[in-house]
Each structure stands twice: as structure tokens, then as C-alpha cells.
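A.B. asks: prediction below, plus the sequence it came from.
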Amino acid sequence: MKIAVLSRNKNLYSTRRLVEEGINRGHEVHVIDCLHCSMNITSAKPQIHYHEEVLEGFDVAIPRIGASVTYYGTAVLRQFEMMGVFPVNESVAITRARDKLRSLQLLARKGVGMPVTGFANKPDNVPELLKMVGGAPVVIKLLQGTQGIGVVLAETRKAAESVIEAFMGLKADILVQEFIKEAGGADIRCFVIGDKVIAAMKRQGAEGEFRSNLHRGGTASLVRITPEERRTAVMAAKSMGLNVAGVDLLRSSRGPLVMEVNSSPGLEGIENATGKNVAAMIINWTEKNYKPWKTRTKGRG
Ligand SMILES: Nc1ncnc2c1ncn2[C@@H]1O[C@H](COP(=O)(O)OP(=O)(O)OP(=O)(O)O)[C@@H](O)[C@H]1O
Ligand SMILES: [Mg+2]
Ligand SMILES: [Mg+2]
């Protein structure tokens, strides 16, 4: 296969590993920075120009598109799709997964378990919003947040109201969620490829911290997941239309609840925690499944 790894930085762990394992398996692998691609959209023959060359002959694109470049990155991926290149994750699926409201709505429609979640645009009825998710304690999240920043636990109704009003005063988009106390500051990252969970790790928050993010001092370890957790993770990835996904679950007293579905899950944490060669598994799955023009939108993006 001739593989394009769409990544802004060839030195990132995940990018390096995909290149390494692609080459190990005898493939031609190029790292392409989406932001340096220019596209010819007007002609009948879609093209991508990259630095001085025109990109040609690619079989597969492996998107590793950072949250900050979603808009342009998915446009470049769509252009690859319009050229018949097989995307490991399709542009529409990435766009879906990047929109928290849309992804939670999709998961709800498919009956996937998730924490009770409320959204509101204006603070006209904060008490009602809180009541909707079962009252305090609640978790309040900035939609643009990442790595645990902008995720707040409000233990009382009063605290919740002031946090919500403060965020809304800053014109930030937020969601309010039932706090899953019994998760004990831990979550489970399930790494899905195709219709299987191929690796899973438990992330435990630091002492006294309800957020399990490794960036907030959490630690990762190997975990055995239940058949129900397995089914939930696979169903979540499928609902989004993702072939490769990192599905984050909370263990609750009513079973596994999906917190979010990641379309460019990192490889470093999961490979280190499980000792599995996840990069090789992605290449392997791609070898078995790639075909020109094989997207749900048939190259129309
Ligand atoms: N409803 C909840 N109940 C209990 N714990 C939660 C809840 N929501 C989030 N957490 C904890 O807080 C952590 C951070 O939350 P979340 O993953 O939603 O935000 P983030 O990591 O900042 O966003 P992203 O993963 O998109 O970068 C989770 O990993 C989990 O440990
Ligand atoms: Mg998270
Ligand atoms: Mg995430």
C-alpha cells in the first residue's frame, strides 16, 4: 500500500509508530501535513498539491488530525476520499466525533449508555437545567476543553449555579452532566479497531482528583473489561462510523457509560500500558479492509 499519514508532526509518538509499522510491513509511508496541502476543487479531477508536488497513487490515508485543525484537516481528507483513497477513518465520521453535542445525540439515538447530560445556550433557567440532570453534584464541561481542563465538579446546587453562570458569562459553550461518583476517579479507555476492542487501559486520577486524565496526574494500567463494556465500546465507535476509535467509559452502577469517542486516539499511553503493538494492528486491519472508493459516502465526502 502507499500510505499517507495525515499528521502535522512526524516526531509525535503515534505518527512515528504508524510510519514504523507501515514500513515494517513493506508499505510506502509518507507523513503529510494537511496545513501544507492546497487543493484544486474546481476541476473534475480533484488534486492535492503538497509543497512542490502533486500527490498521486495513494491507496490509504490514516488521519491523525488534531482538534485545532479539524476544519481544514477534514477538508483535505475529504479531497483524498474524492480521489478514491481509502480513509482509515472517514472525514464525516471525524467531523461527527469532534462535535460533542452531535456525538452524544447520536449515541443516545443508538441506545448507548451515557451519563445524563444537559445542554443549554442561555442561562435563563439554570435551576431547571440542573434538575434535568438530577441535581448536584454535577460535572460541568467546557465544550472546547481538553486534557481535563475546563471540567469542573460542582458538589452543591449553589456551586453549580455559580460555575454555570460564570462560564455562560464568558460566552463559553458548556454541558452539564450527572456525576458518576462510583467511577472513583477512574475511566476505561477502550481502543477499538474495526468491530473489536483490541486493547484497554484503566486511567486512575491522582489522589483526591475526580479527573483521570494523564495530563492531570492520572496513571494508566492494564485492565480486563467485561463483555458488556466491550459491546458498548464497539457500538459507540460504530454509531460514529469510526473504524479506529478510543472510547472512554465510566464504570457506573447501571453499567458502562460512554463519556466520549475519540477519532484520533493516541498510541503512546495504550501501547505502554498494555504492551500491545497497536500501530501494527491498525496497519494490519487496513491491509485487510482497504479498497478504492470504499467510504460510506462513496468518495463524495
Ligand atoms: N460525568 C462524569 N462523572 C464522573 N467523572 C467524570 C465525568 N465526566 C468526566 N469525568 C472525569 O473527568 C475526566 C475529564 O473529562 P472529559 O474526558 O469529559 O474531558 P477532557 O478529557 O477534558 O476532554 P477530552 O477528553 O475531549 O480532551 C474524565 O476522564 C473522567 O475521569
Ligand atoms: Mg477525556
Ligand atoms: Mg477526548
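C.D. replies: In hand now; what should we look at? Model, not experiment: these values are computed from the prediction. Ligands and ions are numbered 1, 2, ... in the order given.
A.B. asks: surely residue 38 is within a helix?
C.D. replies: No: using DSSP: H, G, I helix; E, B strand; the rest coil, the assignment for residue 38 is strand, not a helix.
A.B. asks: okay, and for the stretch 101-250 of the chain, where does confidence drop off?
C.D. replies: For the stretch 101-250 of the chain, the stretches with pLDDT under 70 are 123.
A.B. asks: can you give me the helices for it?
C.D. replies: Under the criterion DSSP state H, counting those that start in this stretch, the stretch 101-250 of the chain contains helices at 126-132, 157-169, 227-240.
A.B. asks: chain center to the longest one, what's the gap?
C.D. replies: For helix 227-240, the distance between its averaged C-alpha position and the chain's averaged C-alpha position is 14 Å (C-alpha atoms, centre = their mean, to the nearest Å).
A.B. asks: what comes up buried for it?
C.D. replies: 229, 230, 232, 233, 234, 235, 236, 237, 238, 239, 240 (16 or more other C-beta atoms under 10 Å). For glycine as for every other residue, the C-beta is placed from the backbone atoms N, C-alpha and C.
A.B. asks: ok, the fifth one touching residue 198?
C.D. replies: Read it as residue 234. No: the criterion here is C-beta atoms under 8 Å, and residue 234 misses it with residue 198 at 10.7 Å.
A.B. asks: overlap of the contact sets of the two?
C.D. replies: Common neighbours of residue 234 and residue 198, counting by C-beta atoms under 8 Å, 6 or more residues apart in numbering, are residue 192.
A.B. asks: check contacts around the residue most central in space within the chain.
C.D. replies: For the chain, residue 262 is the residue whose C-alpha lies nearest the centre (C-alpha atoms, centre = their mean; 1.1 Å). Remark: with contacts taken as C-beta under 8 Å, 6+ apart, residue 262 is in contact with 97, 245, 246, 247, 248.
A.B. asks: beta partners for the closest residue to residue 230 other than its chain neighbours?
C.D. replies: The shortest distance from residue 230 to any non-neighbouring residue, by C-beta to C-beta, 6 or more residues apart in numbering, is to residue 197 (5.0 Å). Going by DSSP bridges, residue 197 is paired in beta bridges with residue 192.
A.B. asks: flag every residue of the chain that's near ligand 1.
C.D. replies: Contact residues, the chain versus ligand 1 (C-beta under 6 Å from any ligand atom): 115, 139, 141, 145-148, 151, 177-180, 183, 187, 205, 210-213, 248, 250, 259-260.
A.B. asks: go with 8 Å
C.D. replies: Taking C-beta under 8 Å from any ligand atom as the contact definition, the chain meets ligand 1 at 67, 100, 115, 138-139, 141, 145-151, 153, 177-181, 183, 185-187, 203, 205, 210-213, 216, 218, 248, 250, 257, 259-260, 262.
A.B. asks: so the closest residue to residue 232 other than its chain neighbours: helix, strand or coil?
C.D. replies: Excluding its sequence neighbours, the residue lying closest to residue 232 (C-beta to C-beta, 6+ apart) is residue 256, at 4.5 Å. At residue 256 the chain is in strand, as set by three-state DSSP.
A.B. asks: surely residue 256 and residue 229 touch.
C.D. replies: Yes: between residue 256 and residue 229 there is a contact under C-beta under 8 Å: 4.6 Å.
A.B. asks: give me the common contacts of those two.
C.D. replies: By C-beta under 8 Å, 6+ apart, residue 256 and residue 229 have these common neighbours: 188, 249.
A.B. asks: hang on, the earlier thing: what's across from the residue nearest to the centre of the chain in the sheet?
C.D. replies: Beta-bridge partners recorded for residue 262 (DSSP bridges): residue 246.
A.B. asks: closest to residue 87 among the buried residues of helix 227-240?
C.D. replies: Taking C-beta to C-beta as the measure, residue 87 lies nearest residue 240 of these, at 13.7 Å.
A.B. asks: mind checking how far that closest one is from residue 11?
C.D. replies: Per C-beta to C-beta, to the nearest Å, residue 240 is found 29 Å from residue 11.
A.B. asks: likewise for residue 152?
C.D. replies: 33 Å.
A.B. asks: what of residue 160?
C.D. replies: Distance, residue 160 to residue 11, by C-beta to C-beta: 42 Å.
A.B. asks: which of these two has more neighbours?
C.D. replies: Comparing residue 160 with residue 11 by other C-beta atoms under 10 Å, the one with more neighbours is residue 160, at 25 against 8.
A.B. asks: the more buried one touches residue 140, doesn't it?
C.D. replies: Yes: counting by C-beta under 8 Å, residue 140 is a contact partner of residue 160 at 6.8 Å.
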